[in-house]
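**Student:** Got a predicted structure here, sequence first:
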Amino acid sequence: MVAAARSNTAAWLRRVVHPRAWPVRWRIAAVSAGLTLVILMIFGGVIGQIATSRIRDDFNGEVHNAVEALQRELQVSYPLVGEPQVEPHQLAPYVLPDDAVIRVFDRSHRELAGTTYPGTNIPNTGKLGTPQPGTTEENGLRVETAPLLENRVVMGYVQYGRSTAHVEETIERIWLLIIAGVIGGTGLACLAGVAIAARAMRPIAALTSSARKITETRDPSQHMPRPPVEDEVGELAETLEQMLRSLDAARAEREHAMQQQREFVADASHELRTPLTSVLANLELLQASLGGPDQAEDREVVDSALRSSRRMSRLVSDLLLLARADAGRLAAHHRCDLAEIAGDAAAEAAPLMGARQFLIDNDRPLRVEGSADELHRMVLNLLDNAARHTPEGATIELSLSQQGDYAVVEVADDGPGIPQGMRTQIFDRFVRGEGPADTARGTGTGLGLAIVSAVAASHDGSVEATESASGGALFRARIPIADAQAARKPSSTIF
């Protein structure tokens, strides 16, 4: 479980790290959000810079305008006796509204008057720096110094300082709003991209679901859903629909051709039986008439032709049975006893066993719905196959039992067994499992087990090859019991 969890985690990480593994709607949403983020960052950066520059310019303009007003309002006079005087004497009204400070100097840079530092009662001495004409930044204040003139004569200097704290706070709020807007806009773009992509991919999802259903059922006669809008998705749906119709038509043509071929093989095999029967009868009569010693060579030729004709007759019979099964020409099914049929087949196969030990475990009736001839052929082929592929002295056992709703026929031996890779292949046509233990090599047609499989399938059953308890081969055929088979298939088609 730990290994499985690690594997699932690794797969999830690969999907997250590699965008190519993302669903299309996620990729569309990511692209939409990414483009929105870039656009908003550029737009927000430009707007932020413009707003910041404008706020600072306005602030600097206000400071400059205040200094110009002070230049017009303030005067420094030099009496004949005493210190220079500043008029008006009260400077506070000029700085209270703007939270600013003022210092006034005489022409020798000696401070004559001033206000306290903004928000405190501390004198501003030294806070505004040395009075130098121009603009400087001192202790969080923007300081501008200008001369006080009278008839173009410098009478003193005024130093005006204003705190930049509220300006920086305003700029920070603007940037925070811009960043929040960028993040919020990107998030909304991502959600909108997911919603739009999901809606756009809905017709594709419907096409995918229909295609998956067609793949599972292998039924190209189904139709693809048609989107309501004639766009690229609608064109794709129409193309898939045309492809399905072409595949359906091709399948119908192929099935028709194969059905015709099966019917031809069945008819040809049926028609071959009559002349072969006549040839066998004539050869048997000719064989009986050649009894003299001077006719030994002719009799040998007739015996060879008779053996070949009998083998050909068996091959035609096998092909006829398989062709009828392929063409759907099922023999009439009746209620019969599979145990009795197996017993007759065992009696017929007994001479084939030779020196082998042949055991039969068959002590209860097993009623099935089927063709007695075909079931007889199935059991006989299983016994014949066991006799062919086991050495002399081997043990072959035929047993019948009921397992649930099935009658089970088992043919087991203690021979060399069947290789693992051959256990399904041996039921194919013209496959021969010849080996050193075979007692009738070269005489089989390679259709015996294929007939067993076809007979079991035509009776709604199955057959399998596995290993017996003694290490040899075990063939197990399952045929539904009569009542269970009737429940599965109420009626059988009879040709």
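**Tutor:** Received the coordinates, thanks.
**Student:** going forward, measure contacts between C-alpha atoms and count neighbours the same way
**Tutor:** Will do.
**Student:** what residues go with each domain of the chain?
**Tutor:** Taking automatic domain parsing as the reference, the chain has its domains at 73-167, 233-323, 330-488.
**Student:** lowest-confidence stretch among these?
**Tutor:** Of all the domains of the chain, the minimum mean pLDDT falls on domain 233-323 (a mean of 75).
**Student:** Just give me how far that one sits from the chain centre.
**Tutor:** Offset of domain 233-323 from its chain centre (Cα atoms, centre = their mean, to the nearest Å): 46 Å.
**Student:** among the domains of the chain, which is the most enclosed?
**Tutor:** Ranked by mean neighbour count, the domains of the chain are led by domain 330-488 with a mean of 19 (mean count of other Cα atoms under 10 Å).
**Student:** what's the following helix or strand after the lengthiest helix in the chain?
**Tutor:** Secondary structure of the chain per DSSP state H: the longest helix is helix 232-289. Per DSSP states H and E, helix 232-289 leads on to helix 296-327 as the next helix or strand towards the C-terminus.
**Student:** Tell me which other helices or strands that following helix touches.
**Tutor:** With contacts defined as 3 or more Cα pairs under 8 Å, 6 or more residues apart in numbering; DSSP states H and E, helix 296-327 has these neighbours: helix 232-289, helix 448-458.
**Student:** nearest residue to Val104 other than its sequence neighbours?
**Tutor:** Val158 (4.5 Å; Cα to Cα, 6 or more residues apart in numbering).
**Student:** So what touches the strand or helix carrying the one you found?
**Tutor:** Assigned by DSSP H and E, Val158 falls within strand 153-163. By Cα atoms under 8 Å, 6 or more residues apart in numbering, the residues outside strand 153-163 that reach it are 63, 66-67, 70-71, 75-77, 98-109, 118, 128, 131, 140-149.
**Student:** partner strands of it, parallel or antiparallel?
**Tutor:** strand 100-106 (antiparallel), strand 141-150 (antiparallel) (DSSP bridges).
**Student:** now those in a markdown table, with distance to Ala250?
**Tutor:** Output for the strands paired with strand 153-163, formatted as a markdown table (distance: least, Cα to Cα, whole Å):
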| stretch | distance to Ala250 |
| --- | --- |
| strand 100-106 | 93 |
| strand 141-150 | 88 |
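**Student:** ok so, going back, quick one: closest of the helices and strands packed on helix 296-327 to Ala33.
**Tutor:** Nearest of the helices and strands packed on helix 296-327 to Ala33, taken as Cα to Cα: helix 232-289 at 24.1 Å.
**Student:** would you list every one of the helices in the protein?
**Tutor:** Going by DSSP H, the chain shows helices at 2-17, 24-73, 165-217, 232-289, 296-327, 338-349, 372-388, 448-458, 482-488.
**Student:** Out of these, which gets nearest to Tyr406?
**Tutor:** helix 482-488 (7.9 Å).
**Student:** which residues touch Glu87?
**Tutor:** Here Glu87 is in contact with 74-77 (Cα under 8 Å, 6+ apart).
**Student:** got it, and Met353?
**Tutor:** Going by Cα under 8 Å, 6+ apart, Met353 touches Ala387.
**Student:** same deal with Phe105?
**Tutor:** 111-113, 156-158 are the contacts of Phe105 under Cα under 8 Å, 6+ apart.
**Student:** could you dump those residues to TSV with distance to Val409?
**Tutor:** Converted to TSV, those look like this (distance: Cα to Cα, whole Å):
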residue	distance to Val409
Glu111	125
Leu112	127
Ala113	124
Gly156	127
Tyr157	124
Val158	121
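**Student:** How many residues are close by Gly61?
**Tutor:** Neighbourhood size, Gly61 [other Cα atoms under 10 Å]: 12.
**Student:** should've said Pro228
**Tutor:** 9.
**Student:** nearest spatial neighbour of Ala211, skipping sequence neighbours?
**Tutor:** Met224 (7.7 Å).
**Student:** Show the backbone phi and psi for the one you found.
**Tutor:** Main-chain dihedrals, Met224, degrees, to the nearest 10: phi -80, psi 140.
**Student:** how close does it sit to His376?
**Tutor:** As judged by Cα to Cα, to the nearest Å, Met224 and His376 stand 48 Å apart.
**Student:** got it, and Leu321?
**Tutor:** For Leu321, the distance to His376 under the criterion Cα to Cα works out to 13 Å.
**Student:** Tell me how many other residues crowd the closest residue to Ala30 other than its chain neighbours.
**Tutor:** The shortest distance from Ala30 to any non-neighbouring residue, by Cα to Cα, 6+ apart, is to Cys190 (6.5 Å). Neighbours of Cys190 under the rule other Cα under 10 Å: 22.
**Student:** For Cys190, give me its contacts.
**Tutor:** 29-30, 32-33.
**Student:** so can I have a markdown table of those showing pLDDT and distance to Pro88?
**Tutor:** As requested, the contacts of Cys190 are exported to a markdown table (pLDDT from 0 to 100; distance: Cα to Cα, whole Å):
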| residue | pLDDT | distance to Pro88 |
| --- | --- | --- |
| Ala29 | 80 | 68 |
| Ala30 | 83 | 67 |
| Ser32 | 83 | 65 |
| Ala33 | 85 | 62 |
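**Student:** out of the helices and strands packed on helix 296-327, nearest to His333?
**Tutor:** His333 lies closest to helix 448-458 among these, at 10.2 Å (Cα to Cα).
**Student:** What's the local residue count around the nearest residue to Asp248 once chain neighbours are set aside?
**Tutor:** Among residues not flanking Asp248 along the chain, Pro220 sits closest, at 5.4 Å (Cα to Cα, 6+ apart). For Pro220, the count of nearby residues is 20 (other Cα under 10 Å).
**Student:** Distance check, Pro220 against Ile214.
**Tutor:** Pro220 sits 6 Å away from Ile214, going by Cα to Cα.
**Student:** Please apply the same query to Gly184.
**Tutor:** Distance from Gly184 to Ile214, by Cα to Cα: 44 Å.
**Student:** Between the two, which has more neighbouring residues?
**Tutor:** Ranked by neighbour count (other Cα under 10 Å), Gly184 and Ile214 place Ile214 first, with 17 against 13.
**Student:** for that one, what are its contacts?
**Tutor:** Counting by Cα under 8 Å, 6+ apart, Ile214 touches 220, 222.
**Student:** Could you report the pLDDT at it?
**Tutor:** With respect to pLDDT, Ile214 scores 79.
**Student:** thinking again about what came up before, wait, which of the contacts of Glu87 is closest to Val452?
**Tutor:** Relative to Val452, the closest of the contacts of Glu87 is Leu74; by Cα to Cα it sits at 124.2 Å.
**Student:** May I have the strand holding Val158 as PDB, with CA atoms only?
**Tutor:** The C-alpha coordinates for strand 153-163 follow below in PDB (Å, rounded to 0.1, in the frame of the first residue of the first chain):
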ATOM      1  CA  VAL A 153      18.600  93.000  -1.400                       C
ATOM      2  CA  VAL A 154      18.900  89.800   0.600                       C
ATOM      3  CA  MET A 155      17.600  90.600   4.100                       C
ATOM      4  CA  GLY A 156      17.500  87.000   5.400                       C
ATOM      5  CA  TYR A 157      16.400  83.500   4.600                       C
ATOM      6  CA  VAL A 158      13.300  81.400   5.300                       C
ATOM      7  CA  GLN A 159      13.500  77.700   5.600                       C
ATOM      8  CA  TYR A 160      10.300  75.700   5.200                       C
ATOM      9  CA  GLY A 161      10.000  72.000   5.900                       C
ATOM     10  CA  ARG A 162       7.100  69.700   5.500                       C
ATOM     11  CA  SER A 163       6.800  66.000   6.500                       C
END
